[in-house]
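*Asks:* I'd like to go over a predicted model; first the sequence, then the structure.
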Amino acid sequence: MSESGRPEPTRAQIRRWRRYLADERAEAAVYRDLASRRTGEERAILLELAEAEGRHEEHWRALLGEHVGHPRRGALRTRVLGWLARRFGGVFVLALAQRAEARSSYAADDDATTAMAADEQIHGEVVRSLATRGRSRMSGMFRAGVFGANDGLVSNLALVLGIGATGVSSQTVLFTGIAGLLAGALSMGAGEYVSVRSQRELLEASRPDPRSHEAIPHLDVDANELALVYRARGMGAQEAEEHAREVLSAPSARGADGPEADYEEIGTGWTAAVASFFFFASGALLPVLPYAFGLGGTTAIVVSALVVGVALLLTGAIVGVLSGGPPLRRALRQLAIGYGAAAVTYVLGLAFGTTLG
């Protein structure tokens with residue numbers, strides 16, 4: 001028995017508790033580092049998360065007692081997360097922290113309290129909400145960038161492999177790839193501009209007329225036409241009547257025009273267009289590089305496919321992390337789609353090359 005009257009912990013328990021202690025200490029440091037790069041409410045929330053991790057740390061320290069030993073380093077993924085938090089601290093780090101909270105094993109560990117297991121679940125939701133704010137702020141450019149880069153990788157790899165399989169010269173493949181890069185980047189940029197601009201215009205057309213509040217003081221209070229506005233927006237008849245009476249009682253303070261429009265998640269047409277152009281071009285450049293460096297034939301095809309494969313794995317993993325999904329699965333899915341499209345055009349290129357030959 002230990003001095004506290006509890007049974008002496010086993011070696012396995014001591015190892016596990018020390019690991020938990022180190023991880024809690026490291027996770028608290030991650031939240032403090034993230035908080036140091038923020039202000040206002042987000043900073044306060046992150047500091048409270050760090051404080052909660054500190055309470056968990058004390059739980060394991062109390063269980064260990066005289067066996068606490070020297071401070072240990074946290075798990076590798078937590079140390080990497082801390083390194084990223086100190087240097088970047090953006091939505092990418094929050095998304096990784098969200099996944100780290102979701103991996104907690106406290107629910108299945110009898111030595112952890114039910115409150116601690118519940119804390120970890122709630123922490124995951126808190127971090128998810130903070131990450132969602134960041135995703136909202138970057139989603140317009142991020143969508144254009146990711147789609148642009150992946151389209152450039154896949155479409156130009158398919159083009160280069162398809163043309164290369166016909167047996168034409170390496171110079172022809174190079175110029176074809178450059179033409180595909182420019183045409184695709186311009187097309188993507190124009191398409192994103194039109195898409196985002198049209199979406200903003202549609203949303204703008206659905207907004208209430210900001211001048212409608214000017215009519216409120218002149219409405220017939222008994223007829224209460226304002227209630228029809230709220231019913232048309234989806235309120236029930238009684239709720240609409242009550243809300244309209246509130247507005248009519250203080251027409252100068254409240255209006256019928258609703259909340260201000262927030263198109264942050266959509267972005268602007270020019271931002272999406274520029275991001276799409278450059279990300280497509282950067283992705284489309286990779287399949288052409290082996291030919292630009294003088295390679296040709298099968299060697300150039302293999303090198304091009306390998307370079308693009310690594311890029312597809314990377315972009316797929318990034319999307320997985322930022323979306324809160326499993327990075328490996330997203331990466332492999334991206335690779336399969338890209339290679340599948342390239343394989344089809346390569347086979348068609350071989351067929352055309354044989355026919356023309």
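*Replies:* Looks like it arrived, so ask away.
*Asks:* All the helices of the stretch 201-350 of the chain, in order from the start?
*Replies:* Assigned by DSSP state H, counting those that start in this stretch, the stretch 201-350 of the chain shows helices spanning 226-232, 237-249, 269-285, 289-292, 297-323, 327-356.
*Asks:* What strand or helix carries the closest residue to residue 344 other than its chain neighbours?
*Replies:* The shortest distance from residue 344 to any non-neighbouring residue, by Cβ to Cβ, 6 or more residues apart in numbering, is to residue 158 (7.4 Å). (Glycine included, C-beta is placed from N, CA and C.) Assigned by DSSP states H and E, residue 158 falls within helix 114-165.
*Asks:* which helices and strands sit right next to the one helix or strand residue 96 maps to?
*Replies:* Assigned by DSSP H and E, residue 96 falls within helix 91-102. Applying 3 or more Cβ pairs under 8 Å, 6 or more residues apart in numbering; DSSP states H and E, one finds that helix 91-102 contacts helix 11-36, helix 76-87, helix 114-165, helix 297-323.
*Asks:* Would you mind finding the most buried of the helices of the stretch 201-350 of the chain?
*Replies:* Comparing the helices of the stretch 201-350 of the chain by mean neighbour count (mean count of other Cβ atoms under 10 Å), helix 269-285 ranks first with a mean of 22.
*Asks:* quick one: contacts of it?
*Replies:* With Cβ atoms under 8 Å, 6 or more residues apart in numbering as the test, helix 269-285 has contacts from 140-141, 143-153, 155-156, 177, 180-182, 184-186, 188-197, 200, 311.
*Asks:* could you flag which of those residues are buried?
*Replies:* Buried members of those, counted by 16 or more other Cβ atoms under 10 Å: 140-141, 143-153, 155-156, 177, 180-181, 184-185, 188-189, 191-193, 195-197, 200, 311.
*Asks:* that older thread, the helices and strands packed on helix 91-102: which one's closest to residue 344?
*Replies:* Closest approach to residue 344 among the helices and strands packed on helix 91-102 is made by helix 114-165 (7.4 Å; Cβ to Cβ).
*Asks:* which parts of the helix or strand that residue 60 is a member of are buried?
*Replies:* According to DSSP H and E, residue 60 maps onto helix 40-64. By neighbour count on 16+ other Cβ under 10 Å, the buried set for helix 40-64 is 42, 45-47, 49-50, 52-53, 56-57, 59-61, 63-64.
*Asks:* mind checking how far the residue lying closest to residue 112 once chain neighbours are set aside is from residue 146?
*Replies:* Residue nearest to residue 112 in three dimensions, not counting chain neighbours: residue 106, with 3.8 Å by Cβ to Cβ, 6+ apart. Per Cβ to Cβ, to the nearest Å, residue 106 is found 34 Å from residue 146.
*Asks:* Also residue 31?
*Replies:* Distance, residue 31 to residue 146, using Cβ to Cβ: 28 Å.
*Asks:* One more: residue 172?
*Replies:* Going from residue 172 to residue 146 by Cβ to Cβ gives 31 Å.
*Asks:* Please apply the same query to residue 113.
*Replies:* Distance, residue 113 to residue 146, by Cβ to Cβ: 41 Å.
*Asks:* again with residue 235
*Replies:* For residue 235, the distance to residue 146 - Cβ to Cβ - is 38 Å.
*Asks:* Tell me who's in contact with residue 14.
*Replies:* The contact partners of residue 14, by Cβ under 8 Å, 6+ apart, come to 64, 67.
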